[in-house]
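K.L.:
Have a look at this fold, sequence not included:
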């Protein structure tokens, strides 16, 4: 089951947030975005520090109740998807969202200004349609 | 080079005459609006920068190139993959100094295909947009560069030379605003 998705840029601006099957609503979404970015930041720098080579980031982590999938582009965009713990490896899915949905509907959209939150209905609807088509969306 | 061919085959193509004429119309309009050649050069660079900031994602996604190990590799990727992918040509990387400055040599320039510079515009770097694109896209990869034209056949040189100088590799920093 897919819970929610964050997209951050390098500066930590949350470009996009959407939730689908989230059971426990957040009290303060702005606070949550900041905490999420801080978590990714720390986790990434920690995993780099203890890794045998200094270049790796991380792909996902799992707790008993949810799984966090992480994909970062060289241009510093971070895609974060939260699902239930039984979901498989969704890194390629996140990459597909980047190249197949984010680029055509956001990056190529002349009205979108880089670095600002995405307000593009067709992006949200295409994303939703795509995620709903995945077997793990409702499962 | 192979990766460039592959990336080139993957993206949509436009007619090169259409591209050259569209770009020509843009430059002509800027010259009419701004009049000062130096400012037109700067404006073209700025427009290119805005393009580069977006184009980098297109490039990363379509080319599938992993992160470069060093600036030399970056230079090769720009010359052989990026130029091929977006302009259909490849460039040669030459004249390295200190591993952080190089020149891109273009033997043909699709933007300037039908162009002759009138004398009163001899200070114009007609294709200066390209410099902006390179600067903008590298900045998204944490590399601050200075990029400028050194030679241009429109000014009587034999080839096109774009100089790229690495100024700084920006380090990611976490900004805590509380």
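P.N.:
Perfect, thanks for sending it. This one's a predicted model, so the numbers in the text were calculated from it and none came from an experiment. Residues are numbered from 1 along each chain as shown, chains lettered A, B, ... in the order given.

K.L.:
Find the nearest non-adjacent residue to residue A:127, please.
P.N.:
Leaving aside its sequence neighbours, residue A:127 sits nearest to residue A:101 (CB to CB, 6 or more residues apart in numbering or on different chains; 5.5 Å). Where you see a C-beta, it was placed from the backbone N, CA and C, and this is true even at glycine.

K.L.:
The closest residue to residue B:59 other than its chain neighbours: what secondary structure?
P.N.:
Nearest residue to residue B:59, sequence neighbours excluded (CB to CB, 6+ apart): residue B:82, at 5.9 Å. The three-state label given to residue B:82 by DSSP: H, G, I helix; E, B strand; the rest coil is helix.

K.L.:
which residues does residue B:82 contact?
P.N.:
Taking CB atoms under 8 Å, 6 or more residues apart in numbering or on different chains, we find residue B:82 in contact with B:4, B:59, B:63, B:137.

K.L.:
Now go through these and say which are in helices.
P.N.:
Those of these mapping onto helices are B:4, B:59, B:63, B:137, per DSSP state H.

K.L.:
will you turn those into JSON lines that also has pLDDT and neighbour count?
P.N.:
Formatted as JSON lines, the ones in helices among the contacts of residue B:82 follow (pLDDT from 0 to 100; neighbours: other CB atoms under 10 Å in any protein chain shown):
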{"residue": "B:4", "pLDDT": "79", "neighbour count": "21"}
{"residue": "B:59", "pLDDT": "93", "neighbour count": "25"}
{"residue": "B:63", "pLDDT": "87", "neighbour count": "20"}
{"residue": "B:137", "pLDDT": "95", "neighbour count": "26"}
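
K.L.:
where along the chain do the helices fall?
P.N.:
I'll assume chain A. Using DSSP H, the helices assigned to chain A run over residues A:29-50, A:91-97, A:121-133.

K.L.:
ah, I was thinking of chain B
P.N.:
Remark: helices assigned in chain B by DSSP H are B:2-10, B:16-34, B:37-63, B:71-76, B:83-87, B:129-140.

K.L.:
If you count contacts, what does the third one end up packed against?
P.N.:
This points to helix B:37-63. For helix B:37-63, the elements it packs on are helix B:2-10, helix B:16-34, helix B:83-87, helix B:129-140, judged by 3 or more CB pairs under 8 Å, 6 or more residues apart in numbering or on different chains; DSSP states H and E.

K.L.:
List the contacts of the residue in chain B that chain A sits nearest to.
P.N.:
Scanning chain B for the residue nearest chain A gives residue B:61, at 3.5 Å (criterion: CB to the nearest CB). With contact taken as CB under 8 Å, 6+ apart, residue B:61 is in contact with A:73, A:95, A:98, A:99, A:103.

K.L.:
Considering these, which possesses the most neighbours?
P.N.:
Among the contacts of residue B:61, the one with the most neighbours (other CB atoms under 10 Å in any protein chain shown) is residue A:98, at 22 neighbours.

K.L.:
does that residue really touch residue A:71, like I thought?
P.N.:
Yes. Between residue A:98 and residue A:71 a contact is recorded at 7.1 Å, counting by CB atoms under 8 Å.

K.L.:
overlap in contacts of these two?
P.N.:
With contacts defined as CB under 8 Å, 6+ apart, the residues shared by residue A:98 and residue A:71 are residue A:79.

K.L.:
Residues of chain B that sit close to chain A?
P.N.:
Neighbours of chain A within chain B, by CB under 8 Å from any CB of the partner chain: B:53-54, B:56-58, B:60-62, B:67, B:140-142, B:172, B:174-176.

K.L.:
interface residues of chain A facing chain B?
P.N.:
Going by CB under 8 Å from any CB, the residues of chain A near chain B are A:10-12, A:38, A:41, A:55, A:73-77, A:95, A:98-99, A:102-103, A:107-108, A:114.

K.L.:
List only those of those residues flagged as buried.
P.N.:
The neighbour count (16 or more other CB atoms under 10 Å in any protein chain shown) marks A:10, A:12, A:41, A:73-77, A:98-99, A:102-103, A:107 as buried among these.

K.L.:
Quick check, central residue of the chain?
P.N.:
Using chain A. The centre of chain A sits closest to residue A:80, judged by CA atoms, centre = their mean, with a distance of 2.0 Å.

K.L.:
please go with chain B instead
P.N.:
Note: chain B centre (CA atoms, centre = their mean) maps to residue B:130, 3.0 Å.
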